[in-house]
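1. predicted model and sequence below, questions to follow.
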Amino acid sequence: MQSDISIEEEKRTFHKQAMAYVMKLQEVHERKKFEFVETVSITYPYRLLCWVKMLGRFVANGILVFCGREV
């Protein structure tokens, strides 16, 4: 009888610890996903603007060469 109670108590403790572990894993997973999305959302516009700036310089240099001016 006493051993049954002890086993049930151990089961409850194990389940509580297992659920706490699962919650911690989920929290880490969500944080990693957020950090990845945050990094992508910051770097993508920056790279796009750099590309547009480079394209603008390329076009401007082409126009200047076409007009006969030195670059």
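-> Received it, and whenever you're ready, just let me know what you need. Numbering: from 1, shown residues only.

2. what's the helix or strand for the residue nearest in space to the middle of the chain?
-> Residue closest to the mean C-alpha point of the chain, counted by Cα atoms, centre = their mean, is residue 36 at 0.8 Å. For residue 36, the element it lies in under DSSP states H and E is helix 2-66.

3. local confidence estimate at the residue nearest to the centre of the chain?
-> According to the per-residue confidence, residue 36 scores 76 in pLDDT.

4. just the one 10 residues further on next, same as before
-> With respect to pLDDT, residue 46 scores 80.

5. now do residue 23: how many residues are near it, please.
-> 10 (other Cβ atoms under 10 Å). Backbone N, C-alpha and C define where each C-beta goes, glycine included.

6. where's residue 29 relative to residue 9, distance?
-> 31 Å (Cβ to Cβ, to the nearest Å).

7. can you name every helix or strand that the helix holding residue 36 contacts?
-> Under the contact definition 3 or more Cβ pairs under 8 Å, 6 or more residues apart in numbering; DSSP states H and E, helix 2-66 sits against no other helix or strand.

8. use 45 as the first number for this chain going forward.
-> That works, and once the first residue is 45, the last one we named lands at helix 46-110.

9. from the chain's centre, how far out does it sit?
-> In terms of Cα atoms, centre = their mean, to the nearest Å, the centre of helix 46-110 is found 3 Å from the chain centre.

10. what residue ranges in the chain score low on pLDDT?
-> Residues of the chain that meet the criterion pLDDT under 70 lie in 108-110, 112-115.
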